[in-house]
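[1] Got a predicted structure here, sequence first:
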Amino acid sequence: MNFSEAVQKTRSFLQELEAPFVGRHEEALVIVLALLSGEHAVLVGEPGTAKSAMVRRAASLLKARFFKYLLTRYTEPSELFGPIDIRALQAGVYARVTRGKLSEAEIAFLDEIFNASSAVLNSLLSIMMERIVYDGYTEIRTPLWSLFGSSNRVPDEPELEALYDRFLLRAYVQPLDAEYWDKLLEATWKLETGEVGEVAPVLTMKELEELHKHVMSVNVSNVRPQLIKMLLTLEERGLHVSDRRKGKILKVIAAHALLNNRKVATEDDLVVLKYTVPKALEDFEKIGVILSEELKTKERVLRELHEIRANVKVTASRVQSVPPYDPRLAEFYKSLSTTKNKVLNYVKDFDEDEEIRKLTDEIISEIDDLMDRIKAKLYI
Ligand SMILES: Nc1ncnc2c1ncn2[C@@H]1O[C@H](COP(=O)(O)OP(=O)(O)OP(=O)(O)O)[C@@H](O)[C@H]1O
Ligand SMILES: [Mg+2]
């Protein structure tokens, strides 16, 4: 699988994942970023916002060994890691029957994750961090790739802090705005009537590992200074990131770059801070505001390009209205030439992005046309 096949594969997985849901693009993105970077993600939000449905769909689209469980405060380690093997115990060996349990899963989903009791918690911490289960006397290496959690709240108990910290990716799933309700009813109807149907896997674990290799080959060194600068800005504005998370964010940046067909990460990829920095619920909104102020993101570049285009249109009508030889024509010409250079410089980091490239090409050709028209009017 080459890089562009990897990009295509990732994009179609993302599209398939979000297809039956309304207004859940960012949540789907968070799930995909977690899979690409081999990290864990937690979805936090009120009941009925499709948290479980999204993770279940991601699991069906992936051909992987999947384990899911709803945690309550009374969940015992044996429910997740398997019961004690009685026969082995009679022979003097302490072991668990792990078949079909979390210890054998590549992808796991733990619903109501913050209900974990302290016995379960300790095992979760080590399986998430080291992919190891300590089984009394032995250590079992597990194939766990990503663990997804969901909850109706973010935890504030200190004993859950370490667990929460291990979810590099976090999404705050909010109920849909009224403008989406009509589509929601339609989508739910389709899901309920079975019109959406069973999904067939579109990705194997082996392919996912290949995607991950491509992610890890993305060049992130040029965004490191910008990342540090942003982390400093965020720290100043009260958004603290643990040291463990700081370094790991680079992986998510690389995953975002791959999804956007970039072998070299750019400032645009720092948008993943939105899904990796927030801790308390209010942080999710706060960071959105800070990032839109501070970052040169794709959205922002598109916005500015549209503004420039509108200005070129204004210039075009002014060119139209002045008589031939008018000295203002030379001024228009000069300013268009400056604009052209500015546009080309501005989009330099985004030359792999089809949408931006297309818009840029259109604007540049509009500018060139207009400059030709000015030249004709000046008879040179
Ligand atoms: N944005 C949406 N688009 C399409 N369907 C949706 C959406 N939100 C909710 N639904 C419908 O609502 C159902 C309930 O979602 P789900 O059980 O996944 O919610 P949840 O967030 O996991 O809730 P809980 O916190 O109670 O576990 C979904 O299976 C789906 O049919
Ligand atoms: Mg649920």
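    Received the coordinates, thanks. Numbering: from 1, shown residues only. Ligands and ions are numbered 1, 2, ... in the order given.

[2] Glu352: what secondary structure?
    At Glu352 the chain is in coil, as set by DSSP: H, G, I helix; E, B strand; the rest coil.

[3] ok, it - how many residues close by?
    Glu352: 15 surrounding residues under other CB atoms under 10 Å. Glycine gets a C-beta too; all of them are placed from N, C-alpha and C.

[4] Run a quick check on it versus Ala265, I expect a contact.
    No: contact criterion CB atoms under 8 Å: Glu352 and Ala265 do not qualify, at 11.0 Å.

[5] how much space is there between the residue nearest to Met1 when sequence neighbours are not counted and ligand 1?
    Closest residue to Met1 apart from its sequence neighbours, by CB to CB, 6 or more residues apart in numbering: Glu210 at 5.0 Å. Separation of Glu210 from ligand 1 (CB to the nearest ligand atom, to the nearest Å) stands at 30 Å.

[6] Next up, the contacts around the nearest residue to Leu168 once chain neighbours are set aside.
    What sits nearest to Leu168 in space, not counting adjacent residues and going by CB to CB, 6+ apart, is Glu39, at 4.1 Å. Applying CB atoms under 8 Å, 6 or more residues apart in numbering to Glu39 gives the contacts Leu33, Ser146, Leu168, Leu169, Lys248, Lys251, Val252.

[7] Please identify which of those is nearest to Asp361.
    Leu33 (29.6 Å; CB to CB).

[8] Check which helix or strand that closest one maps to.
    helix 25-37 (DSSP states H and E).

[9] Please identify the buried residues of that helix?
    Buried residues in helix 25-37, defined by neighbour count with 16 or more other CB atoms under 10 Å: Glu27, Ala28, Leu29, Val30, Ile31, Val32, Leu33, Ala34, Leu35, Leu36, Ser37.

[10] anything in it near ligand 1?
    No: residues of helix 25-37 contacting ligand 1 under CB under 6 Å from any ligand atom: none, with a closest distance of 8.7 Å.

[11] average pLDDT across that helix?
    Mean pLDDT, helix 25-37: 97.

[12] Contact partners for the residue lying farthest from the centre of the chain?
    In the chain, counting by CA atoms, centre = their mean, Tyr325 sits farthest out from the average C-alpha position, at 54.5 Å. Going by CB under 8 Å, 6+ apart, Tyr325 touches Lys377, Leu378, Tyr379.
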